[in-house]
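*Asks:* My questions concern the predicted model and sequence given below.
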Amino acid sequence: MLGYHFLIVLYLMKKTDEYMLNRIKWKAGRHGIYKRSNGYTFFFDELPESIKGHLKTDLKEYLSGIPVIFFSKPSNQWTLLCTKCVVGYSGERVFCIDFEDIFEIETYPFWITKKSKLDWDELTISDKKSNRYVFHTYDGYDHNLLHNILLMCCQLVA
């Protein structure tokens, strides 16, 4: 009987896509996404239907969960944050990492990057197999937003 109750508790602790969606949107709001419009970062729902359709069709094998925030930059590199994973495009290939597979979100101090935090536009993430992925944002504000949301998501799925 104890095993049955333990399974129920584990099931109830599992975060639904809707729960993750609401938490991500809440966190984005706390970081000022509504006040700041740079033309490169959007809630997925606010993208034009043609872009949403293109992303959903082309990324069908990568998408896990509900797409929430789309980060892009003039070089056509982009990051799509979903409720279970983060998908990136380097300009050459698409890649994805589930939150539960994230091992490390790397941050570099100023003396290594030689960039101001406001100029940071890449976030490097390592998975549990030591693969490294670079996710792109427009600027330091978006970098900080993505970084903090990913930290929250990793804590929620742990």
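*Replies:* Looks like it arrived, so ask away. As the structure is a prediction and not an experimental result, all values here were calculated from the model. Numbering: from 1, shown residues only.
*Asks:* Now residue 138. Nearest residue, chain neighbours left out?
*Replies:* Of all residues not flanking residue 138 in the chain, residue 40 sits nearest, at 3.8 Å (C-beta to C-beta, 6 or more residues apart in numbering). Heads up, the C-betas are built off the backbone N, CA and C, glycines and all.
*Asks:* list the contacts for the one you found?
*Replies:* Taking C-beta atoms under 8 Å, 6 or more residues apart in numbering, we find residue 40 in contact with 71, 72, 73, 74, 137, 138, 142.
*Asks:* any idea what the residue positioned nearest the centre of the chain is structurally, helix, strand or coil?
*Replies:* In the chain, the residue lying closest to the centroid (C-alpha atoms, centre = their mean) is residue 81, at 3.3 Å. Classification of residue 81 by DSSP: H, G, I helix; E, B strand; the rest coil places it in strand.
*Asks:* In contact with the residue nearest to residue 149 when sequence neighbours are not counted, which residues are there?
*Replies:* Among residues not flanking residue 149 along the chain, residue 27 sits closest, at 5.1 Å (C-beta to C-beta, 6+ apart). Listed by C-beta under 8 Å, 6+ apart, the contact partners of residue 27 are 148, 149, 152.
*Asks:* residues of the top helix by length along the chain that come out buried?
*Replies:* Secondary structure of the chain per DSSP state H: the longest helix is helix 140-157. By 16 or more other C-beta atoms under 10 Å, the buried positions in helix 140-157 come out as 140-147, 149-150, 152-154, 157.
*Asks:* confidence score at the residue nearest to the centre of the chain?
*Replies:* Listed pLDDT for residue 81 reads 96.
*Asks:* Residue 103 versus the spatially closest residue to it that is not a sequence neighbour, what's the distance?
*Replies:* Using C-beta to C-beta, 6+ apart and skipping residues adjacent in sequence, the residue nearest residue 81 is residue 69, 4.5 Å away. Distance from residue 69 to residue 103, counting by C-beta to C-beta, to the nearest Å: 22 Å.
*Asks:* which of the two has more neighbours?
*Replies:* residue 69 (25 against 14; other C-beta atoms under 10 Å).
*Asks:* where does the more buried one land on pLDDT?
*Replies:* pLDDT, residue 69: 95.
*Asks:* Please shift the residue numbers so they start at 532 in all later answers.
*Replies:* With the count now opening at 532, the last piece we talked about shows up as residue 600.
*Asks:* could you check the angle helix 671-688 makes with the helix or strand hosting it?
*Replies:* Per DSSP states H and E: residue 600 is located in strand 598-603. Strand 598-603 runs at 150 degrees relative to helix 671-688, counting by axes from the mean of the first three to the mean of the last three C-alpha atoms, to 10 degrees.
*Asks:* Right, I'll call it a day here.
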